[in-house]
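*Asks:* Please find the sequence and the predicted model below.
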There are 2 protein chains.
Amino acid sequence: MAGETRKKVTLKDVSKASGLSLITVSRALRQPQTVHADTRAKIQKTIDELGYIPNLAARSLVSQRSDMIGVVVPILASSLFADFAEGVSKALEPQGQRVLLAVSNWQPEKEEEAIRTFIARQADAIILTGFSHTDAARRLLDRYDGPVVEAWNTRDNVIDSAVGFDNHAAAADMTRYLIDKGYRDIVMVGGSSVNNDQAADRTQGVIDAMTAAGREVGPETIVEFDNPATIESGGPLIRSLLARDRKPDAVFFLAELPAQGAMLWCLSNGVRVPRDVAIAGFGDLSLSALLPVPMTTVQIRGREIGEAAAAQTLQRLQGAPADRTVKDVGFQLQIRSST
Amino acid sequence: MAGETRKKVTLKDVSKASGLSLITVSRALRQPQTVHADTRAKIQKTIDELGYIPNLAARSLVSQRSDMIGVVVPILASSLFADFAEGVSKALEPQGQRVLLAVSNWQPEKEEEAIRTFIARQADAIILTGFSHTDAARRLLDRYDGPVVEAWNTRDNVIDSAVGFDNHAAAADMTRYLIDKGYRDIVMVGGSSVNNDQAADRTQGVIDAMTAAGREVGPETIVEFDNPATIESGGPLIRSLLARDRKPDAVFFLAELPAQGAMLWCLSNGVRVPRDVAIAGFGDLSLSALLPVPMTTVQIRGREIGEAAAAQTLQRLQGAPADRTVKDVGFQLQIRSST
DNA sequence: ATCTCGATGATATACGTGTATCATTCGATA
DNA sequence: TATCGAATGATACACGTATATCATCGAGAT
């Protein structure tokens, strides 16, 4: 920032400096084929000399688009959502779209507020994480006439379209695997399902798989940790579980960081995994495969979800019809030696 | 997105629906104290009924501000920069500012492009990571009349202001610690310094500390890994170092993920840390303290840098003078048992 | 009865870009 | 020479909001 306030260079300035009319300069930029190559070159030259940068706010006003796409993530730090956001950003950027970012901290009210400002800023599309929205947010999105993509889960009641994986199936698959593997006392450790469809679906997936196998599901079976799920929380959690009269022989963490924390606690405290207790995670952060006891987990490709969400958005912006697509990018059980 | 295209509700619509003049409605929103409480309530009621959302692009055109702040990070996935970005976003949001995000992939040309679009979109301020910019980017920023904050390092040739920590000192401190601790054959593993002032300063910090202590610094002492630094790269790196005729007794990784990878490889391959080889990292991701052999590293608080960068930006936007502030948020050696 | 003030309105202009309409110029072609 | 098309220009208006200026009107104070 220089000391004095500089006047901004506008199209009119370029027109004056180049001796050409405003309309010709505008045409040179918007419909280049209609103006002579020599003229275009001359205009480009003055643009470079003056350092003209078009005011996209003004353009947005008349073109009714902003080349910005609003993205809401619940959290960014130490999570797969960073991969997701990077995937979105990198896929959008070559198309001249920029990401307007908001971190909702898992609070639907913050998401609503973000949506409101995205709309106010004329965002061309909105990408959300999850299906948990306030009523007001739903109304806003209903009236909004741009693509809306809900990411990180697959469900039926889509607002517009969705990209993600089946959280319920992923949790259920892993649970069935643990049951088939012969574990008797499986405990699930998950996050709060309040305002979190992913947590809710995962939890329900576990419950459904358990009951389908004739297993009891009681308060002892389901333990809740606080969001955000940290690696630090894993140690105390597994410790308290192992201190129970009836020790679990397998613990399924519905998030990766606490699972890693639990694993590291076991390593440091002489608890043998999976002999003393089996541990399974959810997320497959890169560390998990490299642990001394590589961890069984559900692989999720956050970056891929981001890229797919961006791709779907761009297709819609290029005219693809609103057909309530729900794209399932899938997940994959990574069976390793911790179970 | 609904089927039909909906007409947007404008101030004029609110004016018509409420029976009040355009100017009064505008005043009710911009200078509430000048209009009667009853009238304000009436206006608010119609705003709610119509679902009016002001067009910030139009407002931006006349107010010459956008309430958006451009942020460039080199990478987001699995890195401290996610903490940084989250810190920035959360600190800006209560002030009604939104983050325009760009991921540069460590490429100055991408940063330049991002800066250009930030300016075009009338961003009120720009927050960058690092001091490595293209010449064109420098010219753009010189002409730009909003605050510019360069984050993640401290240097003298600041464009406008900076927030970060002294990468050179951090690397030098750790190196001195290793030397004082008695390690004879210290090898440094760092990222490419090309277009990366942080990597360059850290590397130089190691070199300076080594030569100050009378140690030889040769090609054997300095090993380079590819960016982005991954946890997977750590294993092969330490393996090749330990296969040398002259094995290092300490390895200082200038990034945290490869250090963690190296540590895990040692754990899995019977290499005792620090007895066979000491390992130090740089970054202090939460995992490092929880490893079976807790890792010595340099603690960096990415989130704090983000918050400080945002705070500095906001102060400037609220009128604080451009005094080329360089805020040092510091770092901290975390001496643990891996050295 | 005059004056002041609070509240509201009418009108105009500005912000920077895009575009529709119509006009002009010039060189090439029939 | 008449015609046509390509290239450029002049003018006007639109996008949605903000605000400056001046006007109006009624209630209360002097």
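*Replies:* Yep, that arrived. Numbers count the residues shown, from 1 in each chain, chains lettered A, B, ... in the order given.
*Asks:* Please enumerate residues in contact with the helix or strand of chain A with the lowest mean pLDDT?
*Replies:* None of the helices or strands of chain A scores lower by mean pLDDT, DSSP states H and E than strand A:222-225, at a mean of 90. If you take Cβ atoms under 8 Å, 6 or more residues apart in numbering or on different chains as the criterion, strand A:222-225 is touched by A:187-192, A:203, A:206-207, A:233, A:237, A:241, A:255, A:258. (C-beta placed from N, C-alpha, C; glycine too.)
*Asks:* Among the residues you listed, name the ones in helices.
*Replies:* A:203, A:206, A:207, A:237, A:241, A:258 (DSSP state H).
*Asks:* Mind jotting down where the helices sit in the stretch 1-150 of chain A?
*Replies:* Remark: helices assigned in the stretch 1-150 of chain A by DSSP state H, counting those that start in this stretch are A:11-18, A:22-30, A:37-50, A:56-63, A:80-92, A:108-120, A:135-143.
*Asks:* and what of the stretch 201-339 of chain A?
*Replies:* Taking DSSP H, counting those that start in this stretch, the helices of the stretch 201-339 of chain A run over residues A:234-242, A:256-268, A:302-317.
*Asks:* What's the separation between residue A:302 and residue A:287?
*Replies:* The gap separating residue A:302 from residue A:287 is 15 Å, by Cβ to Cβ, to the nearest Å.
*Asks:* Once you drop chain neighbours, what's closest to the residue of the stretch 101-250 of chain A found nearest DNA strand C?
*Replies:* Among the residues of the stretch 101-250 of chain A, residue A:122 lies closest to DNA strand C, at 12.5 Å counting by Cβ to the nearest atom of the strand. Closest residue in space to residue A:122, ignoring its immediate chain neighbours: residue A:66 at 4.1 Å, by Cβ to Cβ, 6 or more residues apart in numbering or on different chains.
*Asks:* distance of that neighbour from DNA strand C?
*Replies:* Distance from residue A:66 to DNA strand C, counting by Cβ to the nearest atom of the strand, to the nearest Å: 12 Å.
*Asks:* Ok, residue A:320 next?
*Replies:* Look at residue A:320 and DNA strand C: by Cβ to the nearest atom of the strand, they are 22 Å apart.
*Asks:* rewinding a little: ok, now how distant is the residue nearest to residue A:122 from residue A:300?
*Replies:* Separation of residue A:66 from residue A:300 (Cβ to Cβ): 31 Å.
*Asks:* next one: residue A:68
*Replies:* From residue A:68 to residue A:300 the distance is 27 Å (Cβ to Cβ).
*Asks:* what does residue A:216 give?
*Replies:* 29 Å.
*Asks:* the more surrounded of these two?
*Replies:* More crowded of residue A:216 and residue A:300, by other Cβ atoms under 10 Å in any protein chain shown: residue A:300, with 25 against 8.
*Asks:* Hmm, residue A:81 and the more buried one touching each other?
*Replies:* No: at 10.7 Å, residue A:300 and residue A:81 do not qualify as touching, with contact defined as Cβ atoms under 8 Å.
*Asks:* Show the contacting residues for residue A:159.
*Replies:* If you count contacts by Cβ under 8 Å, 6+ apart, residue A:159 has them with A:133, A:138, A:141, A:142, A:148, A:150.
*Asks:* For the fourth one, grab the count of nearby residues.
*Replies:* The number of residues packed near residue A:142 is 15, by other Cβ under 10 Å.
*Asks:* Do you know the pLDDT at it?
*Replies:* Predicted confidence (pLDDT) for residue A:142: 94.
*Asks:* and what of the first one?
*Replies:* Here, the pLDDT recorded for residue A:133 equals 98.
*Asks:* does it really touch residue A:111, like I thought?
*Replies:* Yes: with contact defined as Cβ under 8 Å, residue A:133 reaches residue A:111; the gap is 6.4 Å.
*Asks:* All good on my end, thank you.
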